[in-house]
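1. Quick one: sequence and predicted model below, then my questions.
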Amino acid sequence: MTGITRRWLRGSMLLTAAMLVVFVGLFMYFSRQTYYSGVEQAIMSRFSAISGQLKITTASTVAETSQSRSLALRRMVEQFDAKDEFEFMLLDADGKVLSTSSGQTVSVEGGDYALALADGAGRGVDVYTSSASERVMAVTVLTPYAAEDVAALRLVTSLTLVDQVLRQRFVLSGAVAAVILMVALWSGLFFINSIVRPLGQVEQVATRIARGDLQTRLPDTPYNDEIGRLCATINQMADDLQKTEKMKNEFISSVSHELRTPLTSIKGWLETIAAIRDPEDENYRKGLSIIGTETDRLYNMVEELLDFSRLQSGIKLHCQKLDLVAELTDAALFMEARIHQEGLRLVYDEPEVMIPVLADPGRLRQVFINIMDNAIKYSLPGGTITLELLCDAQNAYVKIIDEGRGISPEDLENVKIKFFKGKNSVRGSGIGLAVVDEILTAMNGSVDITSTLGKGTAVCITLPLADRESAPQAQQ
């Protein structure tokens, strides 16, 4: 039995059982009150009939006296026609039986006579178990008129049939309560099982995923509820993890290749230079140049990996108010020589107004250089790289546009994901745009990429203005 089932049994089912017990108890209490009240009303109706009959009998006499009333009452007891239902008694002032409809000598049991004496209306009702172990109801009414030694009238009836009906009702209500409890238990267990079984599967699959089995999946559920959505989310998580794992492996393979290439070149040229004794030799100078270039390439790659590692641990920025125009201009001047070296043309019309933004200068420069580096790598000789700087009342926008090979639509939505390398990718680790996206997000900015395969790519950097009230007029 699972923990959820135990908690449900201890909570919901115990509450349901308690409520059913209370319901059956209340039902039986009110049923008993109703039946006993009905018996009492029947007895009081019989007393009314006796009183009416007594008035008719005494009215026929010449003079209504105490003696005539006593004789009339005794005659009524002897001629009582409901002996099968009630026993009619006459009591004296001491509560002793003067006459009974059964003709037998009986003693008074119960406290109804004492209750009648204490009651202002002169009526007493008592329910008790007789000496014959029979439940009975006795009602005593004091005579409102003198009738010699007759002080009270008493009717006694058996409650055996009433109690039998009440027992039947108790059994029936108990059976109904038991059926309700069983139905609630069955339906509850069915419902709990419909939750516990999928959760058990989720636990097993999540454990297998945590152990590295990214192929496992949860079966599809026909219900579009919380459990169904949880299963779908777990499967989606497994798909994403599998995709990330694949990209990580490709990243490791790609980085290994990227590192091996310059290291091989450096090692080969070092062996070549070691065999050359003349520093003025052309191959000697060429080897030193290549070693320097490949070393810079290795340095940039390691720095990119270190940046990515720092971002994974939580990026720390030192933001300050900057002139976005000056920052972009510095980055363009830094990359201009390389752009020309690759046979490309740089187009940049520097705005004459300041555009203040709140950013980390080092990280912002890294963003510009990373994006321009991609533009250079994916452009063909003779192409143009265009820088545009715009702003409105809220944000500043930097657009870096190239005329390179472009990005396929299926790769475009994934280019900012870490480790991802598209089909048309060239050398690199595949984490440059992921780093850019992390930096801009930390500075409350964003990066959006649009591309047409074979025509080029446009990267738009958005940054909020530092002083929006004093921002320059919108530029188009």
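-> Sure thing, it's come through.
2. quick one: contacts for Asp225?
-> The contact partners of Asp225, by Cβ atoms under 8 Å, 6 or more residues apart in numbering, come to none. Quick note: C-beta positions are derived from backbone N, CA and C, even for glycine.
3. For it, grab phi and psi.
-> Per-residue torsions, Asp225: phi -120, psi -170 (degrees, to the nearest 10).
4. Next: Gln201.
-> Residue torsions, per degrees, to the nearest 10, at Gln201 are phi -60, psi -40.
5. quick one, phi psi at the residue nearest to it when sequence neighbours are not counted?
-> Sequence neighbours aside, Leu218 is the residue nearest to Gln201 in space, at 5.9 Å (criterion: Cβ to Cβ, 6 or more residues apart in numbering). The phi/psi pair for Leu218 (degrees, to the nearest 10) reads phi -80, psi 140.
6. Verify the stated contact: Leu218 with Ile234.
-> Yes. Counting by Cβ atoms under 8 Å, Ile234 is a contact partner of Leu218 at 5.6 Å.
7. Need the overlap of contacts for the two.
-> 202, 205.
8. Run a quick neighbour tally on the closest residue to Val415 other than its chain neighbours.
-> Leaving aside its chain neighbours, Val415 sits nearest to Leu433 (5.4 Å; criterion: Cβ to Cβ, 6+ apart). Residues lying near Leu433 (other Cβ atoms under 10 Å) number 21.
9. Work out for me the element Leu433 sits within.
-> helix 432-442 (DSSP states H and E).
10. Then Met182?
-> Here Met182 is assigned to helix 160-210, by DSSP H and E.
11. And Thr244, by the same measure?
-> Going by DSSP H and E, Thr244 is in helix 226-275.
12. After that helix, which helix or strand is next? Please name it.
-> helix 282-312.
13. Taking helix 226-275 as reference, get the angle to that next one.
-> Counting by axes from the mean of the first three to the mean of the last three Cα atoms, to 10 degrees, helix 282-312 lies at 160 degrees to helix 226-275.
14. Packing partners of the helix or strand following helix 282-312?
-> Sequence order places strand 320-323 as the next helix or strand after helix 282-312, per DSSP H and E. For strand 320-323, the packing partners by 3 or more Cβ pairs under 8 Å, 6 or more residues apart in numbering; DSSP states H and E come out as strand 356-359, helix 361-377.
15. looking just at contacts, which helices and strands does the first one meet?
-> In this structure, strand 356-359 packs against strand 320-323, helix 324-341, strand 456-464, with contacts taken as 3+ Cβ pairs under 8 Å, 6+ apart.
16. and among these, the most buried is which?
-> Stretch with highest mean neighbour count among the helices and strands packed on strand 356-359: strand 456-464 (a mean of 20; mean count of other Cβ atoms under 10 Å).
17. about what we covered before: turn the helices and strands packed on strand 320-323 into a markdown table, including mean neighbour count and distance to Ala118.
-> Shown next, in a markdown table, are the helices and strands packed on strand 320-323 (neighbours: other Cβ atoms under 10 Å; distance: least, Cβ to Cβ, whole Å):
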| stretch | mean neighbour count | distance to Ala118 |
| --- | --- | --- |
| strand 356-359 | 22 | 94 |
| helix 361-377 | 20 | 98 |
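18. would you turn these into a markdown table with mean pLDDT?
-> Shown next, in a markdown table, are those (pLDDT from 0 to 100):
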| stretch | mean pLDDT |
| --- | --- |
| strand 356-359 | 92 |
| helix 361-377 | 89 |
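19. In this structure the residue nearest to Val415 contacts Asp411, no?
-> No. Judged on Cβ under 8 Å, Leu433 makes no contact with Asp411 at a distance of 11.3 Å.
20. How about the secondary structure of Leu90?
-> Look at Leu90: counting by DSSP: H, G, I helix; E, B strand; the rest coil, its state is strand.
21. What residues does it make contact with?
-> Counting by Cβ under 8 Å, 6+ apart, the residues that Leu90 touches are 73-74, 77, 97-100, 150, 152-154.
22. Just the buried ones from those?
-> Buried residues within those, counting neighbours by 16 or more other Cβ atoms under 10 Å: 73-74, 77, 98-100, 150, 152-154.
23. and those, which of them are in strands?
-> If you go by DSSP state E, these have 98-100, 152-154 in strands.
24. Could you work out the most separated pair of these?
-> Greatest spatial distance among these (Cβ to Cβ): Thr100 and Ala152, at 13.2 Å.
25. And Cys391, how far from Ile355?
-> Distance, Cys391 to Ile355, using Cβ to Cβ, to the nearest Å: 5 Å.
26. typo on my end, Glu148
-> 124 Å.
27. neighbour count winner among the two?
-> Remark: of Glu148 and Ile355, Ile355 carries more neighbours, 25 against 16, as counted by other Cβ under 10 Å.
28. How about that one, nearest residue that isn't a chain neighbour?
-> Closest to Ile355 by Cβ to Cβ, 6+ apart is Leu324, at 4.3 Å.
29. who's in contact with the one you found?
-> So Leu324 contacts 355-357, 359, 389, 396, 398, 463 (Cβ under 8 Å, 6+ apart).
30. same thing but at 7 Å, please
-> 355, 357, 389, 396, 463 (Cβ atoms under 7 Å, 6 or more residues apart in numbering).
31. would you say Ile400 is within a strand?
-> Yes. Looking at Ile400 with three-state DSSP, it is inside a strand.
32. and the gap between it and Ala18?
-> 72 Å.
33. So which of those two has more stuff around it?
-> Applying other Cβ under 10 Å to Ile400 and Ala18 shows that Ile400 carries more neighbours, namely 23 against 10.
34. My understanding was that that one contacts Gly456; is that so?
-> No. Judged on Cβ atoms under 7 Å, Ile400 makes no contact with Gly456 at a distance of 10.7 Å.
35. Thr293: how many residues sit nearby?
-> 13.
36. And for Val21?
-> Quick note: Val21 (other Cβ under 10 Å) scores 13 neighbours.
37. Tell me the secondary structure of it, please.
-> helix.
38. Name the nearest residue to it, ignoring sequence neighbours.
-> For Val21, ignoring the flanking residues on the chain, the nearest one in space by Cβ to Cβ, 6+ apart is Ala177 at 7.6 Å.
39. got it, and Met89?
-> Arg154 (4.1 Å).
40. need the contact list for the one you found.
-> Applying Cβ under 7 Å, 6+ apart, the residues near Arg154 are 89, 91, 138, 140.
41. check contacts around the second one.
-> Okay, so that is Leu91. Contacts of Leu91 by Cβ under 7 Å, 6+ apart are 97-98, 108, 113, 140, 151-152, 154.
42. Give the bridge partners for it, please.
-> Leu91 has these beta-bridge partners by DSSP bridges: Val97, Ala152.
43. Report the separation between it and Arg154.
-> From Leu91 to Arg154 the distance is 6 Å (Cβ to Cβ).
44. for the third one, same thing?
-> Using Cβ to Cβ, one obtains 6 Å as the distance from Ala138 to Arg154.
45. can you count the residues close to Gly404?
-> There are 23 residues near Gly404, going by other Cβ under 10 Å.
46. Report the secondary structure state of it.
-> Applying three-state DSSP: Gly404 is coil.
47. Got the phi and psi for it?
-> phi -80, psi -160.
48. Leu185: which of the helices and strands packed on strand 356-359 is closest?
-> The nearest among the helices and strands packed on strand 356-359, by Cβ to Cβ, is strand 456-464 at 59.9 Å.
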